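**Q** Quick one: sequence plus predicted model below, questions after.
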Amino acid sequence: MFRVRRSAQTGPGAAARPLVAIIVLAACGLLVSLVQTMVVPLLPLFPQLLSVSPSTASWLITATLVAGAVSAPVLGRLGDMYGKRRMLLVALGLVGTGSLLGAVAPGIELLLVGRVLQGASFGVIALGMSLIRDVLPEERVGSGVALMSSSLGFGGAIGLPITGVVAQFADWRWLFAGAAVVAVGQILLVLRLVPESRLRTGGRFDAVGAVGIGGALLCLLLAVSKGNDWGWASAPVLGLLGAAVLFALAVGRYELRVGSPLVDLRVSARPAVLLTNLASVLVGFAMFAGFVLATQILQAPTSTGYGFGLSLVTAGLMLLPMGGAMVVFSTVSAQISRLRGPRTTLVLGTLLLGAGNLAFALMPGTVWLLVLVTTGTAIGAALAYSAIPLLIMRAVPEAETAAANSLNTLARQLGTSSCTAVVAAVTTAFVVDGGAFPASTAYSVSFAAAGAAALVATLLVAVTPAPDNAPDNAEPGSPEEHGTTQDGPAGDGARPHDAPRGTVARRAGTDGEARPAA
């Protein structure tokens, strides 16, 4: 067991320019969000462009989300072991490589490979939030985490009009080429402006756990997305669902026995962590429904009875308020969390998400009413996504924040992946115009499911207990959270007897290195 104090900051200008580091890290999250959603407006076009079925084209999103769900805990664990900035650079390298492949892909096969590599970068969000906690002043942690977390939603919002403009006036491959160029630029910025955390956990990498988690997610999401095509009672679908359960049980048993698990199930089983992660799955589902479906409703022809017949560019521009609302309310979220605690912020966010999705289910009859509902949903997503990491970081040892945030990212990605798969299944089950477009019933069912998910998340958050020794309004990393004062813990080497097992404590020292526990 080691006690780890918050390490000294390293890197050019790190201590003097915390705001610059936050902006760079948030920009990295923005890129990841852009590559996640940039193909959403093109989904109706890809079947013709690539000569594939609509359900196959939907895997350009699903494959990315599955890869992100698997890679997030992997990169988080490696970040805790070998350095979070180092793994952040690896993730950005994957974005660049996947984007380059997408730009030159001749068909769906190589394009899917590129999308998988882009998805493998989703650990950027969790690594960035952990770096903020490790290397920045405590007073910057709350606002920095809120901005980093909300960049996921903001990127998705501005990605829609960007995609529309590029697709209308140029080849869609330029979207991938542009993402590759931006990834290279961000690698250079991280090298120059973001310090490395010196907190390390050691241990060995759990490859078996990574394979098991990946197998379970792949089987589950493949079964959900192909259920309509293959039949829900067909042998392939039932076999995949059974395999997902077996994978999950086997990897769970293994993770409890291995010395350095990819996912520490004992820490994850603490009520404050477990219930927050379960709520995160539902929040991810509720948030992504609007991103996936709003632009499709705006572009659908008026002959469907619900569409507005807008062009790709106009539809994207109509959703810009969603992105602006997420930026503004990420700051508001930090203030609410500071004054009332992150749990209050999360409850407000999930309530807004629930109300927004249920309003969507009624299929707003005008463009501006739809924009209003979309913006309200985006505000809920900003509040929820900004508060969740703060709750997680209060509940886990400081040296395990990257792994814990990555597990939470996996939970959110599981929610967004499930949303994509469910939406694909529902929109292919209810169609109009000879199967050319989803029926309004498909959208109503999808949004009603998302609204219900958000309301269930509200109930889970409401019954989530506060972690030991963490007041509800304590900032992650603050003296109040760790039961210390500015002069250090009460007594040399003391740790509250009821602190979670493995909790790291700060110890006086000048070199910033981890010290063996006394």
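**A** Thanks, I have the structure now.
**Q** mind showing which ranges of the chain have poor pLDDT?
**A** Confidence mapping of the chain against pLDDT under 70 gives the ranges 1-16, 149-150, 152-154, 156-157, 160, 202, 225, 228, 399-403, 467-518.
**Q** Tell me which other helices or strands the longest helix anywhere in the chain touches.
**A** The longest helix of the chain (DSSP state H) is helix 138-169. Packing partners of helix 138-169 (3 or more C-beta pairs under 8 Å, 6 or more residues apart in numbering; DSSP states H and E): helix 18-37, helix 123-135, helix 173-193, helix 271-299, helix 312-318, helix 320-340, helix 367-394. C-betas here are computed from N, CA, C, even on glycine.
**Q** same thing but at 6 Å, please
**A** Secondary-structure packing of helix 138-169 (3 or more C-beta pairs under 6 Å, 6 or more residues apart in numbering; DSSP states H and E): helix 18-37, helix 123-135, helix 312-318, helix 320-340, helix 367-394.
**Q** out of these, deepest packed?
**A** helix 123-135 (a mean of 31; mean count of other C-beta atoms under 10 Å).
**Q** Need the residues that contact that one.
**A** Contacts with helix 123-135, where a contact means C-beta atoms under 6 Å, 6 or more residues apart in numbering, come from 9, 25, 28-29, 32, 71-72, 75-76, 79, 84, 87-88, 91, 141, 144-145, 148, 152, 195, 197, 199, 389, 393, 401-402, 405-406, 409, 476-477.
**Q** Kindly calculate the angle that it makes with helix 367-394.
**A** Angle of helix 123-135 versus helix 367-394, following axes from the mean of the first three to the mean of the last three C-alpha atoms, to 10 degrees, is 50 degrees.
**Q** Distance of V327 relative to A378?
**A** In this view, V327 and A378 are 10 Å apart by C-beta to C-beta, to the nearest Å.
**Q** ugh, wrong one, T428
**A** 27 Å.
**Q** same deal with G114?
**A** Separation of G114 from A378 (C-beta to C-beta): 28 Å.
**Q** What count of nearby residues applies to A429?
**A** Using other C-beta atoms under 10 Å, A429 is surrounded by 14 other residues.
**Q** Next: W232.
**A** Counted with other C-beta under 10 Å, the neighbours of W232 add up to 13.
**Q** where's it, which helix or strand?
**A** W232 belongs to no helix or strand when elements are defined using DSSP states H and E.
**Q** now the contacts of helix 123-135: which count as buried?
**A** Listed as buried from the contacts of helix 123-135 are 9, 25, 28-29, 32, 71-72, 75-76, 79, 84, 87-88, 91, 141, 144-145, 148, 152, 195, 197, 199, 389, 393, 401-402, 405-406, 409, 476-477; burial here means 16 or more other C-beta atoms under 10 Å.
**Q** which SSE is C219 in?
**A** According to DSSP H and E, C219 maps onto helix 207-230.
**Q** should've said F447
**A** Counting by DSSP H and E, F447 is part of helix 440-462.
**Q** Which residues does that helix contact?
**A** The contact list for helix 440-462 (C-beta under 6 Å, 6+ apart) reads 275, 278-279, 282-283, 285-286, 289, 293, 306, 346-347, 350-351, 353-354, 357-358, 360-361, 363, 423, 426-427, 430.
**Q** just stretch 32-41 next, same as before
**A** Stretch 32-41 is contacted from outside by 60, 118, 121-122, 124, 152, 155-156, 159-160, 163-164, 175, 179, 291-292, 295, 312, using C-beta under 6 Å, 6+ apart.
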